[in-house]
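Student: Only the shape, not the letters, is given here:
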């Protein structure tokens, strides 16, 4: 038996497609029956013959309605999916008359061309009325179903987020080490470093700052882009101490986005992944570029490297092509918090680019 939950196209499953086609089929039969019954007063044929005779016209009518509905549905539920429900519902003020004009014009043209009956004169107002009514009913059903589906998905995501939070807290408790002890150890080690090794002292200070930031980040849901970038700079300074000139770093973060809010530690796994899997395998090293910009109320974040790339061996992790757990973790956070995903593609001429966007 075929899996009806598989995607047919546009994110529509075969089950959903079958339900829509069934709705159209039943609507066409009911309309055919209503017309046949209404014509009993003057028709000279039996009810059955009248019903059969109307079938070609009725199925042309509803077949064209389905064809004209498809682009309207695609616009509202795919292209404008991120817009508010109120804004999309208000669009029907423009889309309903456009639907009627396009459907009715094509329907009348084909009916006249192939010489099948249709309403004429003042009677054509019924086509306009019933067509508009059918449009409102079907899109009422679509909006209701979409709202229900999003509500169910949100409930599942909230439950998964709570479970993830509990697991994270347990993991943190198991791995927790008194931060004051760590700071004291860093200070002790730093105090023993001779003056001529000032660079080593600076690296210890950066490492202490990393631990301090991670501790603070675990207690808050959002930090500023400024703080996150400062953390990344210290992290990459430590990596540059290991890789030397093999690791080159470029930040493209304008001042306008520094006060924007972002979940803490969201970029670090991506940067670590770029260094570990992209730069480290190459003798000549490469460049890691972090770019953040704000546009249309969204923060656009990109982490790109000119490293080894995917090496032709990408690993399937949570539905994306990646080669590191860091990408999977970041993708999971984005999906649960915003319903967004990571876009991963090959960099040119070599390397990997990871991109995502979140509300600013």
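Tutor: The structure has been received and is ready for your questions. The structure presented is a predicted model; accordingly, all values stated were derived computationally and were not measured.

Student: Could you use CA atoms for every contact and neighbour count after this?
Tutor: Will do.

Student: Check whether residue 226 really touches residue 262, as I assumed.
Tutor: No: using Cα atoms under 8 Å, residue 226 makes no contact with residue 262, being 9.7 Å away.

Student: ok so residue 266 is a strand residue?
Tutor: No: judged by DSSP: H, G, I helix; E, B strand; the rest coil, residue 266 forms no part of a strand; its state is coil.

Student: Give me the phi and psi angles of it.
Tutor: phi -80, psi -30 (degrees, to the nearest 10).

Student: Which residue of residue 226 and residue 262 possesses the greater neighbour count?
Tutor: Taking neighbours as other Cα atoms under 10 Å, residue 226 and residue 262 compare with residue 262 leading, 20 against 17.

Student: Show me the beta-bridge partners of the more buried one.
Tutor: Judged by DSSP bridges, the bridge partners of residue 262 are residue 223.

Student: what domains does the record give for this structure?
Tutor: With domains defined by automatic domain parsing, the chain comprises 7-162, 220-359.

Student: Endpoint to endpoint, the longest one covers what distance?
Tutor: If I follow you right, that is domain 7-162. End-to-end span of domain 7-162 (Cα to Cα, to the nearest Å): 29 Å.

Student: Run the chain-centre distance for that domain.
Tutor: Distance of domain 7-162 from its chain centroid, counting by Cα atoms, centre = their mean, to the nearest Å, is 28 Å.

Student: same deal with stretch 199-212?
Tutor: For stretch 199-212, the distance to the chain centre is 38 Å (Cα atoms, centre = their mean).

Student: Now do the contacts for residue 100.
Tutor: 128, 131-132 (Cα atoms under 8 Å, 6 or more residues apart in numbering).

Student: Go through the domains of the chain and pick out the most buried.
Tutor: Of all those, domain 220-359 has the most neighbours on average by mean count of other Cα atoms under 10 Å, namely a mean of 17.

Student: ranges for the strands of the stretch 251-360 of the chain?
Tutor: Secondary structure of the stretch 251-360 of the chain, counting by DSSP state E, counting those that start in this stretch: strands at 261-262, 286-295, 298-305, 315-317, 320-322, 343-346, 352-359.

Student: Check the gap between the residue nearest to residue 274 when sequence neighbours are not counted and residue 167 for me.
Tutor: Setting aside the residues directly before and after it, residue 274 is nearest to residue 305 in space (Cα to Cα, 6 or more residues apart in numbering), at 6.0 Å. To residue 167, residue 305 is 32 Å away according to Cα to Cα.
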